[in-house]
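Student: Any chance you could fold what I've pasted below:
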Amino acid sequence: MSAPAWSRRVALWDEALAAVRSYFRGAGAREVSTPVRVAAPAIEPYIEPITAPPGGYLATSPELAMKRLLCRGSGSIFQISHVFRRAELGRHHAEEFHLLEWYRVGEARYDAVQRDVEAVVAAVFALAGRAPPRRWVRRDFFDLFEETTGVTLTGSEDVAGLIAGLGAGAAARWLPLAARWRERGGGPADPELARLLAWTELFTTWSDEHLPGWLDRQRAQGAGGVHVDAFPEVLAALAERERADGRAIARRFESHVLGVELANGYRELRDAQEQRRRFERVNALRQWHGQPALPLANDFLHDLESPGLPPCAGVALGLDRLLMLATGASSLAEISLALGSPVPAG
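Tutor: Next up is the predicted model:
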């Protein structure tokens, strides 16, 4: 499919922004607008912020700012924000893009935000004149991992347990770094950092080698939308963790449409000390990979402690990517309103 004409692109963006706002306002959420320049971003392993001198960063997500508003009693909120991530380049990636992020306040909102993803996808596909996914499926990560690999895991495994569960031969391919540590010695002294590194390796390998084929099969069977739920607990990021059916899981999900990752959601972590430990561990992971440590978002952590985050669930969805999928475009460039060359990353 050829890229839409500029007039059509402008109309599509106008209609998509209006549809998103109409949906969330109809759901009782208030729209907010938080700063693009921040003192400290959320610390994540493979999301690299762009500096904004003389001190600060361009926001990789409005998440921390929105949660600070939630701590102050904002109620359910949404935002359509420009966000920035260094070196994210490709057909489905850009250093600057639009992130639709929303939070529903309440104890039982986790399933509701997954339904929001489905509703937003349907609305944007409709305005683009294309049929949305006919069917959505929801699968827990560990069930899906076993189905696609034949390996049973519970999420409680340390590095040795992962290698034993996979088998030595598979571990050498799936966990090259961790397998070398076990064979030759070395690796991080902190066992929790080693565990984070190993599970991150495993999830990345599985996502690259097994998930795409499974998503293609679901699409062929009429399920164009998929929620992959209940991540391993060590990959919780900013989500709550729990034990369920003998597994150690994070209340975190990824949503995929037509085989493309589109959204990431959490039942949000409310424990400030646990969140600080996770940020510090990810900083240690970054340093292990030769990346600089990032500053802690102490204002956010303070607000998480007091007045505290209410029970809530939230989602971040790539709006450019959704519009690309809805129009049948093959790349973000085909639906972008950017003119000329991008500004070099700072």
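Student: contacts, neighbours, all on C-alpha from now
Tutor: OK.
Student: Find the nearest non-adjacent residue to Ala178, please.
Tutor: Ala198 (5.8 Å; Cα to Cα, 6 or more residues apart in numbering).
Student: elements contacting the helix or strand where that neighbour lies?
Tutor: According to DSSP states H and E, Ala198 maps onto helix 191-209. Packed against helix 191-209 by the contact rule (3 or more Cα pairs under 8 Å, 6 or more residues apart in numbering; DSSP states H and E) you find helix 159-166, helix 168-174, helix 176-184, helix 272-288.
Student: how about the CA coordinates for the next helix or strand after that helix, as PDB?
Tutor: Going down the chain from helix 191-209, the next helix or strand is helix 211-220, by DSSP H and E. Extracted in PDB, the C-alpha atoms of helix 211-220 (Å, rounded to 0.1, in the frame of the first residue of the first chain):
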ATOM      1  CA  LEU A 211       6.800 -15.200  19.500                       C
ATOM      2  CA  PRO A 212       6.600 -13.900  15.900                       C
ATOM      3  CA  GLY A 213       5.700 -17.300  14.500                       C
ATOM      4  CA  TRP A 214       3.100 -17.900  17.200                       C
ATOM      5  CA  LEU A 215       1.600 -14.400  16.500                       C
ATOM      6  CA  ASP A 216       1.400 -15.200  12.800                       C
ATOM      7  CA  ARG A 217      -0.400 -18.400  13.500                       C
ATOM      8  CA  GLN A 218      -2.900 -16.600  15.700                       C
ATOM      9  CA  ARG A 219      -3.500 -14.000  13.000                       C
ATOM     10  CA  ALA A 220      -4.100 -16.800  10.500                       C
END
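Student: and the next element down the chain from helix 211-220?
Tutor: Moving toward the C-terminus from helix 211-220, the next element (DSSP H and E) is strand 225-229.
Student: and for that following strand, what are the contacting residues?
Tutor: Identification of contacts with strand 225-229 by Cα atoms under 8 Å, 6 or more residues apart in numbering yields 114, 118, 133-141, 215, 219, 251-259.
Student: In space, not sequence, find me the middle residue of the chain.
Tutor: Asn264 (3.6 Å; Cα atoms, centre = their mean).
Student: Where does it fall, secondary structure wise?
Tutor: Asn264 belongs to strand 260-267, assigned by DSSP H and E.
Student: That strand pairs with which strands, parallel or anti?
Tutor: Looking at strand 260-267 with DSSP bridges, its partner strands are strand 252-257 (antiparallel), strand 312-318 (antiparallel).
Student: what pLDDT does the closest residue to Asp140 other than its chain neighbours get?
Tutor: Nearest non-adjacent residue to Asp140, counting by Cα to Cα, 6+ apart: Asp229, 4.5 Å away. We have a pLDDT of 97 for Asp229.
Student: what about Asp229, how many neighbours?
Tutor: Applying other Cα atoms under 10 Å, we find 23 residues neighbouring Asp229.
Student: Make residue 1 into 450 and carry on from there
Tutor: Right, with 450 as the first residue, what we last looked at is Asp678.
Student: how much space between it and Glu691?
Tutor: 13 Å (Cα to Cα, to the nearest Å).
Student: For stretch 589-597, list the C-alpha coordinates in CSV.
Tutor: In CSV, the C-alpha atoms belonging to stretch 589-597 read as follows (Å, rounded to 0.1, in the frame of the first residue of the first chain):
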residue,chain,number,x,y,z
ASP,A,589,-0.2,-16.0,30.1
PHE,A,590,3.5,-15.9,29.4
PHE,A,591,4.4,-19.2,31.0
ASP,A,592,1.7,-21.1,29.2
LEU,A,593,2.8,-19.6,25.9
PHE,A,594,6.5,-20.2,26.6
GLU,A,595,5.8,-23.9,27.3
GLU,A,596,3.6,-24.2,24.2
THR,A,597,6.3,-22.6,21.9
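Student: domain ranges for the protein?
Tutor: 450-582+707-719+744-795, 587-703 (automatic domain parsing).
Student: Distance to Arg725 for those domains - can I get that in TSV?
Tutor: Output for these, formatted as TSV (distance: least, Cα to Cα, whole Å):
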stretch	distance to Arg725
domain 450-582+707-719+744-795	7
domain 587-703	10
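Student: How much space separates Arg479 from Gly767?
Tutor: For Arg479 relative to Gly767 (Cα to Cα), the value is 19 Å.
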